[in-house]
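Undergrad: Attaching a predicted model along with its sequence, questions to come.
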There are 2 protein chains.
Amino acid sequence: MATIADIAVSGAINLLTAFIFLLAFAILRLQPFNDRVYFPKWYLKGLRSSPSRSGAFVRRVVNLDFRSYIRFLNWMPEALKMPEPELIDHAGLDSAVYLRIYLMGLKIFVPITFLAWAILVPVNYTNNALEAVKMVANVTASDIDKLSISNIPLKSQRFWTHIVMAYAFTFWTCYVLLREYEKVASMRLQFLSSERRRPDQFTVLVRNVPPDPDESVSELVEHFFLVNHPDHYLTQQVVCNANKLASLVKIKKKMKNWLDYYHLKFSRNQLQRPQMKTGFLGLWGGKVDAIDHHDSVIEKLSKEIEEERKRVLKDPKSIMPAAFVSFKTRWGAAVCAQTQQSRNPTLWLTEWAPEPRDVYWQNLAIPYVALTVRRLIIGVAFFFLTFFFMIPIASVQALASIEGIEKRAPFLKSVIEIKFIKSVIQGFLPGIALKLFLIFLPTILMIMSKFEGFISLSSLERRSATRYYIFLIINVFLGSILTGAAFEQLNSFIKQSANEIPKTIGVAVPMKATFFITYIMVDGWAGIAGEVLMLKPLVLYHLKNFFLVKTEKDREEAMNPGSLGFHTGEPRIQLYFLLGLVYSTVTPVLLPFIIIFFAFAFVVFRHQIINVYHQEYESGAAFWPDVHGRVITALVISQLALMGLMSTKEAAQSTPFLIALPVLTIWFHRFCNGRHKSAFVKYPLQEAMMKDTLERARDPNFNLKAYLQSAYVHPVFKGDNEYDEDDEDSLLSGKMETESVLVPTKRQSRRNTPVPSKMSGGSSPSLPEEVKIGEP
Amino acid sequence: MATIADIAVSGAINLLTAFIFLLAFAILRLQPFNDRVYFPKWYLKGLRSSPSRSGAFVRRVVNLDFRSYIRFLNWMPEALKMPEPELIDHAGLDSAVYLRIYLMGLKIFVPITFLAWAILVPVNYTNNALEAVKMVANVTASDIDKLSISNIPLKSQRFWTHIVMAYAFTFWTCYVLLREYEKVASMRLQFLSSERRRPDQFTVLVRNVPPDPDESVSELVEHFFLVNHPDHYLTQQVVCNANKLASLVKIKKKMKNWLDYYHLKFSRNQLQRPQMKTGFLGLWGGKVDAIDHHDSVIEKLSKEIEEERKRVLKDPKSIMPAAFVSFKTRWGAAVCAQTQQSRNPTLWLTEWAPEPRDVYWQNLAIPYVALTVRRLIIGVAFFFLTFFFMIPIASVQALASIEGIEKRAPFLKSVIEIKFIKSVIQGFLPGIALKLFLIFLPTILMIMSKFEGFISLSSLERRSATRYYIFLIINVFLGSILTGAAFEQLNSFIKQSANEIPKTIGVAVPMKATFFITYIMVDGWAGIAGEVLMLKPLVLYHLKNFFLVKTEKDREEAMNPGSLGFHTGEPRIQLYFLLGLVYSTVTPVLLPFIIIFFAFAFVVFRHQIINVYHQEYESGAAFWPDVHGRVITALVISQLALMGLMSTKEAAQSTPFLIALPVLTIWFHRFCNGRHKSAFVKYPLQEAMMKDTLERARDPNFNLKAYLQSAYVHPVFKGDNEYDEDDEDSLLSGKMETESVLVPTKRQSRRNTPVPSKMSGGSSPSLPEEVKIGEP
């Protein structure tokens, strides 16, 4: 076990790493040529423009204003300056509430840490059980263990302190959870009610429209809702299967891009019209005039698209049995979304339409029975993924060993036997299989969720996050504590009795404290500092910029701001909650490390959300019940582990006192959900009616039908419009819609430079970024 | 272990008992003086009248028509004759669907039994593992065990038969369950849509109306719904706390009864006005004229009632924050019942109003937080009741022993020492504590459900049934299999590993087959025959009739038809499902006994439902999802037990094949619930709209407001009207309402005798009852 000195060394290394990352970030972010990497959000919102066409070349690339380097940690207070309401305006409620998770971590653990250090640490330290053990069995105990529960002798009356503390910590955690649930629920309701008119407030997604021999889906939907919601029905939009069309549009877009590139080239060098080869990747084939060739290809594609578009809109086979139905009032939509329409509960399924950005179009047409079967398959698959993922990896590792390669590919033998390559294979390859799996795990989980048939990106991410959390608990938390592959643990758990399991975990928990402290420093400190540096997007952006970017549009796309990534980020935060709660009574030394993580991550992610991440959708913090539920899970695990530990400490009389804790905690969870969950899944009629009345008074002549007509058009129709402003043949104008989706920001009015359009390339002088971005 | 001969003896005894019961029933039911005991339902519906005032005295008491005795089992085919639709008309959907549970038992177990006897029994019998064991260990094995799985040697390949059969049985059971779920769901929807206009179709119960300093509850409710459901709101009825009023009305009713009695007495003997003493129970005190005395008392009570009624209606303290809100259309009510009204999900809680008969008035005013706390308390209490109920009983038993009594009450010593009394105490008292507990258990569970705050009788019964089922599984099924008090089992289960538990159960299951066969014969055969004899109501009725009945009204009330008693009956049936499924693969010999139970009970309960039970409420078979869920539970238990048994038989390779069964079963359960449960909890808008439209076309000028005005008046206001037809001062006329509640029957039109009114005493000739009742 590590001593305090070991921890200190490790801490120093990690702090240094973090510091270097931060320093690198501070320097890199000030360079104008990195501007699109570190401030992409402002570009995407059209509030900042590329500095590439104005000023001296050097000033465009390197920041020579040395004053700006002095205050190199300035971004931290700046990130904290923006008040929450403005943050919600700027980055959406999802992001703002996501940050509250870190804040909640601080709220929970700061008082717990103080209490634990004030009471538990002295109680633990003034014993000498470990000294006694050392004398007898020559076991080495570290200094850290002296501060932990391990230092208390068996059957000691001092364990009462830990029990009382467990109650205090539980009550405090529950109190904070309840307050946060309340706060987030009211923020959500506030957000929903203060929102401007949005298509999804009036729209309901209807799935599993039954087939009818006499009527088309569109007519059927219209008739059904005219009959059953006569006073409220307004219009509907059937869902088309437009996958082929989407791919055609994608090709056309690429071609237009090349055309732009050649036009650019031609305009620079008027002497020679650019030429190209028609073959694969332009490597061989006959030479043709590039501009003419692309013109003709685009024309051909346009025709094809036109035909395909007509086919999609007319061919009954491409119409899916689903529709977006819009209502005259929010009240009507709220009623329809929350009631059952027909006798058969698997037909005419209605639910709130997700935000247009949030729709996952591919899954709209899965019938009910297929859905339940898919759910079963994914359930079983996830079980095997969680418990048996080590088996394929172990076999890959066996393959990737020297012997494995030599056996399968004897001709490589001479290469492998070279000492350097051999050591690489031995030291590197076995690990890489596992590493690759862990990197791709969130993607795998996402694919599973997609297969399961969720219809919005937000619900896909929520489900993936739940699965990832379970995976982390079993394979990282329990895996680290108990050491051994998950299926071995499963096997031993099945063979153990119900009250042995907490004991097994409880005994192992204090022994792993130093390991987890190191883990927190590596993953939670240096890792977060790495997040703000954004090394991967930085390198990728510059590579793309150098090799691929042909036009301004390309540069726009090379910018990869990424998004919050709820499905990977949130489960990782939850791991810290779990560690903090489990160790709060056992090894309080760990708590300050957790606090530093939460505080540091809060600042970093606030900065990233303000300046970098691009919001993919807005779910209105619909994920909070999941967050709440996982902290409760962590709390229950910590209570069970403590119970197990206590019973091995022969403080058996403690069990009745401790057993009440999980019961109360679970009851508390149900109480909270009963009290607040409905704010996240239902839409009260009172609210709807209030907004309807207000709006009718404010804007009595608004043409809602025109507004909603094309709100839920398949993105391929809209996407086409977005890129082909000159294309007059677009059947459906998605223009208005895409504008309405853009979240506005107050910043717009504060900027003193005129807002440059996305396409104009921008010519505003590039002020030092700090001044631009940082104003509160 | 019992041999086949033992079982045969036991079977003969039980068959004889059942036969005697049936014979006694056949004779007793034909006697006119028992008519009100065996055919109360017809009296309650006003389709049959007392035979006591017509014909010769003897004929009034004894049936002298000997022909009717010959066909003494005639009631069985008669009970089966009434077709299901007519049964639904006659006794309600609840009763008809309740009978389907028995029918489902037959549908599940008849094919399983044939299959098991055709395949499993030969497979088991043609082994000689038991013979081998007998030789070695001198264990006695019965003939029955030869037919069971115990007769197959370890590691035999024959176990594959059992695995395949387990799959076959599971699939068959699931198939029947699915079909029944479908059928019952469609019956329910059919029932709801074919029903006549009923107040609960238009009415929603609103609870937790927030307090308002400026408005009364009534005004507040009216305003809230006028604002939020402007097009649909019709009227509302606040709930009053009328418990004091109810008790006053009860006293008045009793007094009026006495007055009737004295009037009757006076009319028979005109010479002497009846006198009475004013003291306790009329035993002492001054003598007064009974008629005058009662007249004055009733007058005084009437005034008090009047005042109390005014107080209740005016005093804001007696107004509970709950109301029945009625809508203009079923559509409006369906919308309101199924949506959330206000931001705060614990205020303005709306749900479908139960049928007026079904309302449990006391619980209407419990606030949300109290509800969740109550739920927690009851959850914990039920846990202790289930696992530790033996502790208080054991202590009572210790008290009730000879030594205990002598110790506490030495003065009784001389009495106790008498040999007869001593033997009574020793043999009888210890058992009586347990017996009393078991008799009162359903009542205890009902009180727990009431405390938990359910607002309708049907939901109270459903919750009690669930609890009773859990209690039966743990204390009867597991208790019999594992022997030992529940808390000892709990203790041993906690200490056992997860895969040991099924083994422990699995090993014990085949050994207890003979015990359960006996149990089925005693409880399922003789017990059911006892049910049809109705010994307790018979005795009680005649006792009451002899000692207490003073007037016709009293006789009406002495008749105690009882009701179906879902909360006790259904869990008991479920125990048979559990036994049948668990033993289907293990000891198929048990199956025919189960079949006989289901068939016999079906006939008996069909007879009882047609002729005896009084329907307390109509929930429209809302209990079916519970029934379905419990059969699924039984199925999973049977699969786990088989898995445990197999692994002790060292057929370990079977586990992967068997583990898929519970997974599939649970998935099937979720599928079924997703597919059909909504029919039991939701009301599709399409249906509502259809009925509304139909009704508007058929009866456009119906005054719905007047119809609904007093539908949900507290029963004390209605009750008063029912008994005081002459009372003109009734504030609220519940008259129309009580009539509308009576379920009509087609029988009415088929009867050739004129329908006598309830009060007229009836003068139609008393034909032999068979002719009257039995016509199909």
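TA: Nice, thanks for sending it over.
Undergrad: show me where the stretch 101-250 of chain A has strands.
TA: For the stretch 101-250 of chain A, the strands defined by DSSP state E, counting those that start in this stretch cover A:203-207, A:233-240.
Undergrad: most packed of those?
TA: The highest mean neighbour count among the strands of the stretch 101-250 of chain A, using mean count of other Cβ atoms under 10 Å in any protein chain shown, belongs to strand A:203-207: a mean of 25. In this view, the C-beta of every residue, glycine as well, is placed from N, C-alpha and C.
Undergrad: near chain B, anything from that strand?
TA: No - legend: contact between strand A:203-207 and chain B by Cβ under 8 Å from any Cβ of the partner chain is lacking; minimum distance shown is 12.2 Å.
Undergrad: Below-threshold pLDDT in the stretch 51-200 of chain A: ranges please.
TA: Flagging of the stretch 51-200 of chain A using pLDDT under 70 yields the residue ranges A:51-73, A:129-144, A:195.
Undergrad: Show me which residues of it sit near chain B.
TA: Along the stretch 51-200 of chain A, the residues adjacent to chain B under the rule Cβ under 8 Å from any Cβ are residue A:189.
Undergrad: For chain B, what's the nearest residue on the stretch 51-200 of chain A?
TA: Relative to chain B, the nearest point of the stretch 51-200 of chain A is residue A:189 (5.6 Å; Cβ to the nearest Cβ).
Undergrad: Next up, the contacts around that residue.
TA: If a contact means Cβ atoms under 8 Å, 6 or more residues apart in numbering or on different chains, then residue A:189 has A:679, A:687, B:343 as its contacts.
Undergrad: ok, 10 Å please
TA: By Cβ atoms under 10 Å, 6 or more residues apart in numbering or on different chains, the contact list for residue A:189 reads A:620, A:679-680, A:683-684, A:687, B:343-344.
Undergrad: same deal with residue A:201?
TA: For residue A:201, the contact set (Cβ under 10 Å, 6+ apart) comprises A:192, A:195, A:326-327, A:329-330, A:333-334, A:352-353, A:355, A:683, A:688, A:691-692, A:695, A:708.
Undergrad: Excluding covalently adjacent residues, which one is nearest to residue A:466?
TA: In this structure, residue A:466 finds its nearest non-sequential neighbour in residue A:626, 6.3 Å apart by Cβ to Cβ, 6 or more residues apart in numbering or on different chains.
Undergrad: can you tell me the helix or strand for the one you found?
TA: Residue A:626 belongs to helix A:624-648 when assigned by DSSP states H and E.
Undergrad: What's the first helix or strand after that helix?
TA: Going down the chain from helix A:624-648, the next helix or strand is helix A:655-672, by DSSP H and E.
Undergrad: Is the very next helix or strand once past that next one in proximity to chain B?
TA: Sequence-wise, the next helix or strand downstream of helix A:655-672 (DSSP H and E) is helix A:678-681. Yes - for helix A:678-681 and chain B, the contact criterion (Cβ under 10 Å from any Cβ of the partner chain) is met by A:678-679, A:681.
Undergrad: Taking helix A:655-672 as reference, get the angle to the longest helix belonging to chain A.
TA: Using DSSP state H, we find that the single longest helix of chain A is helix A:159-194. Counting by axes from the mean of the first three to the mean of the last three Cα atoms, to 10 degrees, helix A:159-194 points 0 degrees away from the direction of helix A:655-672.
Undergrad: how about helix A:159-194: buried residues?
TA: Residues of helix A:159-194 classed as buried: A:159, A:161-163, A:165-170, A:172-174, A:176-178, A:180-181, A:184-185, A:187-189, A:191-192 (neighbour count, 16 or more other Cβ atoms under 10 Å in any protein chain shown).
Undergrad: Please compute how far the helix holding residue A:626 lies from its chain's middle.
TA: Put simply, helix A:624-648 sits 24 Å off its chain's centre (Cα atoms, centre = their mean, to the nearest Å).
Undergrad: buried subset of the contacts of residue A:201?
TA: The neighbour count (16+ other Cβ under 10 Å) marks A:192, A:326-327, A:329-330, A:333-334, A:352-353, A:355, A:683, A:688, A:691-692, A:695, A:708 as buried among those.
Undergrad: Please flag which of those residues sit within strands.
TA: Assigned to strands by DSSP state E, the following of the buried ones among the contacts of residue A:201 qualify: A:326-327, A:352.
Undergrad: In a markdown table: those, plus distance to chain B and pLDDT.
TA: Formatted as a markdown table, these follow (distance: Cβ to the nearest Cβ, whole Å; pLDDT from 0 to 100):
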| residue | distance to chain B | pLDDT |
| --- | --- | --- |
| A:326 | 17 | 88 |
| A:327 | 13 | 88 |
| A:352 | 12 | 84 |
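Undergrad: Now tabulate the residues you listed in a markdown table and tack on distance to residue B:529.
TA: Output for those, formatted as a markdown table (distance: Cβ to Cβ, whole Å):
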| residue | distance to residue B:529 |
| --- | --- |
| A:326 | 64 |
| A:327 | 61 |
| A:352 | 57 |
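Undergrad: Name the SS class of the residue nearest to residue A:289 when sequence neighbours are not counted, please.
TA: Distances taken as Cβ to Cβ, 6+ apart put residue A:273 closest to residue A:289, at 5.5 Å, once the chain neighbours are dropped. Three-state call for residue A:273 (DSSP: H, G, I helix; E, B strand; the rest coil): coil.
Undergrad: Tell me if I'm right that residue A:273 and residue A:265 touch.
TA: Yes - the pair residue A:273 / residue A:265 is scored as a contact, 9.2 Å apart, by Cβ atoms under 10 Å.
Undergrad: any shared contact partners between these two?
TA: Common neighbours of residue A:273 and residue A:265 (Cβ under 10 Å, 6+ apart) are A:290-291.
Undergrad: quick one on the thing from earlier: report the buried residues of the helix holding residue A:626.
TA: Neighbour-count burial for helix A:624-648, counted by 16+ other Cβ under 10 Å, picks out A:624-647.
Undergrad: can you check stretch A:532-543 too?
TA: Residues of stretch A:532-543 classed as buried by neighbour count (16+ other Cβ under 10 Å): A:532-534, A:537-538, A:541.
Undergrad: Please identify the one among the residues you listed that lies nearest to chain B.
TA: Looking across the buried residues of stretch A:532-543 and measuring by Cβ to the nearest Cβ, the closest to chain B is residue A:532, at 38.1 Å.
Undergrad: for the closest one, what are its contacts?
TA: Counting by Cβ under 10 Å, 6+ apart, residue A:532 has contacts A:18, A:21-22, A:24-26, A:29, A:38, A:75-76, A:79, A:600-601, A:603-605, A:607-608, A:611-612.
Undergrad: Mind giving me the ChimeraX select for those, buried ones only?
TA: In ChimeraX syntax, the buried subset of these is picked out as below (16+ other Cβ under 10 Å):
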select /A:18,21,22,24,25,26,29,38,75,79,600,601,603,604,605,607,608,611,612
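Undergrad: Which strands and helices lie in contact with the strand or helix carrying residue A:387?
TA: In this structure, residue A:387 sits in helix A:368-388 according to DSSP H and E. Helix A:368-388 sits against helix A:419-452, helix A:457-471, helix A:486-495, helix B:655-672, with contacts defined as 3 or more Cβ pairs under 10 Å, 6 or more residues apart in numbering or on different chains; DSSP states H and E.
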